[in-house]
Structure formats: C-alpha cells, structure tokens
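> below are the sequence and a predicted model for it; my questions follow.
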Protein chains: 2
Amino acid sequence: MTSNAATLLGPGDDAAVVAVPDGRVVVTTDLLVDGRHFRRDWSTPYDVGRKAAAQNMADIAAMGAVPVALVVGLATPPDIPAFWAERLADGLREEAARTGAAVVGGDVVRSDTVVVAVTALGDLQGRTPVTRGGARPGDVVAVIGRLGWAEAGLAALRRGFRTPRAAVEAHRRPEPPYEAGPIAADRGATSMIDVSDGLLGDLGHVAVASRIRIDVESAALPVADVVAEVAAACGVDPLRWVLTGGEDHALAATFPDRAAVPDGWVVIGRAHEPAGETGDVVVDGRRYPGSGFSHFAADA
Amino acid sequence: MTSNAATLLGPGDDAAVVAVPDGRVVVTTDLLVDGRHFRRDWSTPYDVGRKAAAQNMADIAAMGAVPVALVVGLATPPDIPAFWAERLADGLREEAARTGAAVVGGDVVRSDTVVVAVTALGDLQGRTPVTRGGARPGDVVAVIGRLGWAEAGLAALRRGFRTPRAAVEAHRRPEPPYEAGPIAADRGATSMIDVSDGLLGDLGHVAVASRIRIDVESAALPVADVVAEVAAACGVDPLRWVLTGGEDHALAATFPDRAAVPDGWVVIGRAHEPAGETGDVVVDGRRYPGSGFSHFAADA
C-alpha cells in the first residue's frame, strides 16, 4: 500500500478517503483471471500487478483524467505462496506511482482461482470528460502509444520463445501513455478511448457511440520494428497486429483538425458521415477481415 | 445498471463519472467468492447481489459517508446461466437504490469460480470521516442494527432448515442501518466500525486503533427474539451469536457521553484506559472465549 497527497485516509479502516478536488470522481473496474488474462508461467506476479494497474489507469486517462487511487481485491488459492501476493502488490504500487496514484485499500480472500480485481479512481482537474460519443464527421483520428507490441509478445510466448525481449515485456507490462489523455482533453479531443481490445474494435466503439464512420489509412499506421520482426518470423502481416492486437493500452482520439493534435500523436485517419449503418470502421476504404480480439481463452 | 443525480456519466464508456461535491471520495472494495462468502444452494443470485452491495455500502456508512455509486466485477464459469448474472445485477441495483446509490459500471469475465467484486464510493457531505482510531477513555460504546441474526440464519441453514424465515433472510440479505452512520458522525461519534466479523472482533479493531480497552456489559446487549429462538433450538447461548456472529453489518461507535448517542442506538459499554496491552475487549470484566469469526471456510 502506498500514499500520495490525495490519500487523506489510507488502508486499515472501513474505507479509504481520497481527495478529488474537482468534485467529480472518474471510476473504472477490471478483473484479471488466471489463465485468461494472464498466465503464471508467462508473467511474474509483479508483471500481473503492473498490468492490472495499467489497464485500469489507462481507462482513467482515456476520459481525460489523472489517476489518483486504486483499490484492489485479490482472490487466491491456498497453494499460492505469500510472496506471490507481495510481488503483485509491488507491481500494483509501482505502476500506480508512475502516474502519482496510490493503492489505498484492498481485500484478500481465498478462491480456487487467482482473480485480481482493480478499481481505479481519477480526478478530472476541471476538464470535461472525453467520452466515446463526441466524434464528428470531419474530425481527424489519431493514436498515441504502442500498437501490436503485446500481440507480438504473445505470439512469441505462444511459440515457446522468451524473445524479442521488447515484445515479450510489452505483453507482460503495457506502457499506456497516461499523460497524453489529459493533454488531449485540454486540446479539445472530441472523443477518446483506451485501445484494450484492438485498434479497429475500439475505434468501432467510438464510431458506434458517435454515429460516424471511421476511415483508417494503413500507410499512416505506426509499425514498430519489433512488431515487424516478430510478424515476419511468424509469417503474419504486421498490420494485422497493429490493427487488431489488444492489451497495449494505447489511446485513440478524435480532434477537430490536425492543428489540434498534440505532439506525439499520429494521425491515422478521419471520421465521416456514416454510409448506411453507423459504427463502420474501414481500412483504406474496405472492411478489414477478422478484426475481433480475444484473450487466450475464446470466452474471456 | 442504474442512475442517480450523482451519476454524471454512467456505464458504457471507458470509465464512469460520479459527482462527489465534497471533493473527497470514500472508497472500499470487497470480494465475494462462491462457496466461501455465499452458497448458491442457500442464496439466490438476487440475494448475493443484495449482500455484496450491502456489505460494501455499510463500510461507507461506517465512515460517516453516504454511498453514491458502485462498480461491480463479475467472474463466472460458462455453466452459470445468464439469468444468474441478471438477477445478481437486480440485487445489486435494488440494494444500492435503498441508499440512493447507483451501479455505474462493471466488468464481466469468465472464471472457474464465481467471484463478485464490488467497489463502493461515498460522499462525506462535509463531514469529518469517522475512523476506528478516535475513541477515548470514558467514551460510551453503542451499536445500531442487527447482531447475531445472520449467524442464527446460518445455523438454521447448516442444520438443513429454511426457517425461521427472519433469521434465514437475515443471513441472505443483511440490512445495515446505512442512515445511522452519517447521523452518528454529525452527533460527534469519536470512532465507528461496520460489524462484519462479529461485535467483539470489530470492537477489538477499534480498541487497537484507538489504544483503549472496551468493557461490554452483557445485560445491555440486544438479543432479538429470533436469535434467542434459534439459539435455544441449537443449544447455544444466544449471547455468543450476538457477540461473535458476523455479516449483519450493524454499526458500532463510540460517543463522548450518553447525551450524544442518537436515537435508535443501544449503549452496550464503555471505553477505558488500557490495562496492560491495548486492544482488549472484555465482557462483564472478563475476556470472552472464542471470539473469532470465520465464514463457511476456515480460511476465508
């Protein structure tokens, strides 16, 4: 457990008390289940902690808010050694510290399956929350953060490799561009989303909520060398991982024009009036086949 | 999912936004695991939802705050029918509505074990949070709410009975005295705790945090007829269930004097300077044997 300036009352009482000077609190929760969202032979408990904190705080950032606190529920079987929970807590705390947030409370119980339940709280600092529903025809679509890295790492692990290290580490510990969320909000982003299920799938959520069509230009997509390298080794088009790979927790957003796009973001397409049904996302004018994302298990 | 005046942005985006005009948010989280915190043959999914919401909101009330929002994570095996999750959601929503709170977000995943993770948020409405650590020697100790009811219901269920209905229902659906928490804070309660693990155990937490000794007078303890009835049938001293039974989510608090104790509370003892080690809780001047509480499973 940790503390920060926002922690008015930390762990050890019936509840914690956290300062949210804005008078509005942003809240999101996610469960990670052993064998579905992580594998204990592929990720250390420290990695699982980092990842659990990161994916929740990325959701906070995607609203234009700053993470301030986490609470954590941990269910573990009796055969999980004590150090596993301790290292998980280390990972949670250290990832939280990257944004200035603190772990302010938790609950530990027994279960047959390891389940990590994280809830993140954020402060808007006066900003209007940026939803998925505000994109307008004519807006430019931009991304910041990694795309396809975690998928490349997962592909390597699935084939029994522990390298390339950058890809495997990206699978274990996403590095969401937390600071970019509030900056995008300040610059007038009209919509924003955490890319957790794959770029096309998540842009699809924006397109549906905003009642628009999104056209992505494949030539504009950032393809990292490590993604290209693993994709080549696997005989896969690296664009597939960039477009459909999940769990990197990049941010995607729409802006009224190119001039509003903050440094570090890459413009990858544009929003349009829907042609027929809303919610379409097309790549170079065509639907991209098989754009769904799933975790290891088909039903996760 | 539900909405209330505090829900500025409800489910369906990366995160929800909840108004906490006070500028401080009270937050607590609990996991309920199938077979440990509930049994699906003893409790309906609706009951489990009510209980999961109640135990979290009781923690909010015990700080002197008013619950405003819940987020819920649900992990279920594929063989759990869809209606189970729907009825759970009904129970969560309806219990939340009892305090004016709303379910503003959630996450549903697959797992081999049913796990319900609830996080509750509360607003202090200007009050100073009431911790476990503020009781002083000379304070009076008081309780409000049910004591021993859930334990009586559990005893009946364990023996294969479904009656007395009031006891069995109390096990399935606690009825915390939510409103009493903020009122006690307004009346100057010096410490407060949600009685989740049994009165003696939870008073022990107050005694440790406040560095005091607590003397409970057994003659002052409220013994409900239904508790006495089941205890008699089981050949148990009903005081044992009142003193050590968990999961009723009564509130226990300390007040500077009897005049400060609000209506509805029962004065059951007094705080004293510790005699030797701090944290002692005695009943009629003696330590009470076997005051620990556990759920069905010894390691829950």
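Alright, I've got the coordinates.

> and A:V282, what element?
strand A:281-283 (DSSP states H and E).

> and that strand, which strands flank it?
strand A:213-216 (parallel), strand A:286-287 (antiparallel) (DSSP bridges).

> give me the mean pLDDT for the first one.
Meaning strand A:213-216. For strand A:213-216, the mean pLDDT works out to 97.

> using PDB, list the CA coordinates for that strand.
What follows is strand A:213-216, C-alpha atoms only, in PDB (Å, rounded to 0.1, in the frame of the first residue of the first chain):
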ATOM      1  CA  ARG A 213     -17.800   6.100 -39.900                       C
ATOM      2  CA  ILE A 214     -14.000   6.000 -39.500                       C
ATOM      3  CA  ASP A 215     -11.600   5.600 -42.400                       C
ATOM      4  CA  VAL A 216      -8.100   4.400 -41.400                       C
END
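
> helix or strand right after it?
That would be, after strand A:213-216 and using DSSP H and E, helix A:225-234.

> buried stuff in that following helix?
Residues A:V226, A:V227, A:A228, A:E229, A:V230, A:A231 are the ones in helix A:225-234 that count as buried (16 or more other CB atoms under 10 Å in any protein chain shown). Glycine gets a C-beta too; all of them are placed from N, C-alpha and C.

> kindly report the same for stretch A:73-93.
Using 16+ other CB under 10 Å as the test for burial, stretch A:73-93 gives A:73-76, A:80, A:84-85, A:87-93.

> quick one, strands of the stretch 51-200 of chain A?
A:66-76, A:102-110, A:115-123, A:140-144, A:191-195 (DSSP state E, counting those that start in this stretch).

> mean neighbour count, these: which tops it?
Comparing the strands of the stretch 51-200 of chain A by mean neighbour count (mean count of other CB atoms under 10 Å in any protein chain shown), strand A:115-123 ranks first with a mean of 30.

> sheet partners, orientation included, of that strand?
Assessed with DSSP bridges, strand A:115-123 is paired to strand A:24-33 (antiparallel), strand A:66-76 (antiparallel).

> want to throw those into CSV with mean pLDDT?
Converted to CSV, the strands paired with strand A:115-123 look like this (pLDDT from 0 to 100):
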stretch, mean pLDDT
strand A:24-33, 97
strand A:66-76, 97
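
> let's have those strands in TSV, adding distance to B:A150.
Putting the strands paired with strand A:115-123 into TSV (distance: least, CB to CB, whole Å) gives the following:
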stretch	distance to B:A150
strand A:24-33	27
strand A:66-76	22
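
> between its first and last residues, how far does stretch A:235-250 reach?
With CA to CA, to the nearest Å as the measure, stretch A:235-250 spans 25 Å from end to end.

> hmm, I typed the wrong one, I wanted stretch A:37-48.
End-to-end distance (CA to CA), stretch A:37-48: 9 Å.

> check which residues of that stretch are buried.
Those would be A:H37, A:F38, A:W42, A:S43, A:T44, A:P45, A:Y46, A:D47, A:V48, for stretch A:37-48 by 16+ other CB under 10 Å.

> is the residue in the stretch 101-250 of chain A that chain B sits nearest to in a bridge, and if so with what?
Here the residue of the stretch 101-250 of chain A nearest chain B is A:A117; by CB to the nearest CB that distance is 3.6 Å. A:A117 has these beta-bridge partners by DSSP bridges: A:L31, A:G73.

> what sits against it?
Contact analysis of A:A117 by CB atoms under 8 Å, 6 or more residues apart in numbering or on different chains lists A:29-32, A:72-75, B:29, B:31, B:73, B:115, B:117.

> and if we set it to 10 Å?
By CB atoms under 10 Å, 6 or more residues apart in numbering or on different chains, A:A117 lies in contact with A:29-33, A:52, A:56, A:71-75, A:106-107, B:29-31, B:71-75, B:107, B:109, B:115-119.

> again, but for A:W265
By CB under 10 Å, 6+ apart, the residues touching A:W265 are A:140-145, A:177, A:180, A:183-184, A:187, A:189, A:251-253, A:255.

> what is the least confident helix or strand in chain A?
Lowest by mean pLDDT, DSSP states H and E among the helices and strands of chain A is strand A:286-287, with a mean of 90.

> hmm, who's touching that one?
A:L200, A:D215, A:S218, A:D280, A:V281.

> does the fourth one touch A:V206 like I think?
No. Taking contact to mean CB atoms under 10 Å, the distance of 11.4 Å between A:D280 and A:V206 leaves them out of contact.

> who has more neighbours, those two?
Per other CB atoms under 10 Å in any protein chain shown, whichever of A:D280 and A:V206 has more neighbours is A:V206, with 27 against 18.

> whichever strand or helix holds that one packs against which elements?
A:V206 belongs to helix A:199-210 when assigned by DSSP H and E. On a contact count with 3 or more CB pairs under 10 Å, 6 or more residues apart in numbering or on different chains; DSSP states H and E, helix A:199-210 meets strand A:140-144, strand A:191-195, strand A:213-216, helix A:238-244, strand A:250-255, strand A:266-272, strand A:281-283.

> what's next to the last one, contact-wise?
To tie it back to what came earlier, the one meant is strand A:281-283. A:141, A:199-208, A:212-218, A:221, A:239, A:243, A:268-269, A:272, A:275, A:287-289, A:291.

> ok, 6 Å please
A:L200, A:L203, A:G204, A:A207, A:I214, A:D215, A:V216, A:S218 (CB atoms under 6 Å, 6 or more residues apart in numbering or on different chains).

> what about the closest residue to A:R173 other than its chain neighbours, neighbour count?
Take A:R173 and drop its neighbours on the chain: the residue closest to it by CB to CB, 6 or more residues apart in numbering or on different chains is A:R50, 4.5 Å away. A:R50 has 25 neighbouring residues, counting by other CB under 10 Å.

> could you measure from A:R50 over to chain B?
Per CB to the nearest CB, to the nearest Å, A:R50 is found 18 Å from chain B.

> next up, the contacts around that residue.
With contact set as CB under 6 Å, 6+ apart, A:R50 has these partners: A:G91, A:E95, A:R173.

> as TSV, those with pLDDT would be great.
Output for these, formatted as TSV (pLDDT from 0 to 100):
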residue	pLDDT
A:G91	98
A:E95	98
A:R173	95
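
> possible to save those residues as TSV with distance to B:I60?
Formatted as TSV, those follow (distance: CB to CB, whole Å):
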residue	distance to B:I60
A:G91	28
A:E95	26
A:R173	33
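
> which of those residues fall in helices?
Those of those mapping onto helices are A:G91, A:E95, per DSSP state H.

> nearest to A:A15 among the contacts of A:R50?
Nearest to A:A15, judged by CB to CB, of the contacts of A:R50 is A:E95 at 22.6 Å.

> for the closest one, what are its contacts?
So A:E95 contacts A:R50, A:A53, A:A54 (CB under 6 Å, 6+ apart).

> and of the residues you listed, the nearest to B:R158?
A:A53 (40.0 Å).

> does A:E247 touch A:A150 like I think?
Yes. With contacts counted by CB atoms under 6 Å, A:E247 reaches A:A150, the gap being 4.2 Å.

> show me which of the two is the more surrounded one.
Taking neighbours as other CB under 10 Å, A:E247 and A:A150 compare with A:A150 leading, 27 against 23.

> now do the more buried one against A:D30, distance only.
15 Å (CB to CB, to the nearest Å).

> which residues sit in contact with A:G181?
Here A:G181 is in contact with A:A61, A:A62, A:G64, A:L251 (criterion: CB under 6 Å, 6+ apart).
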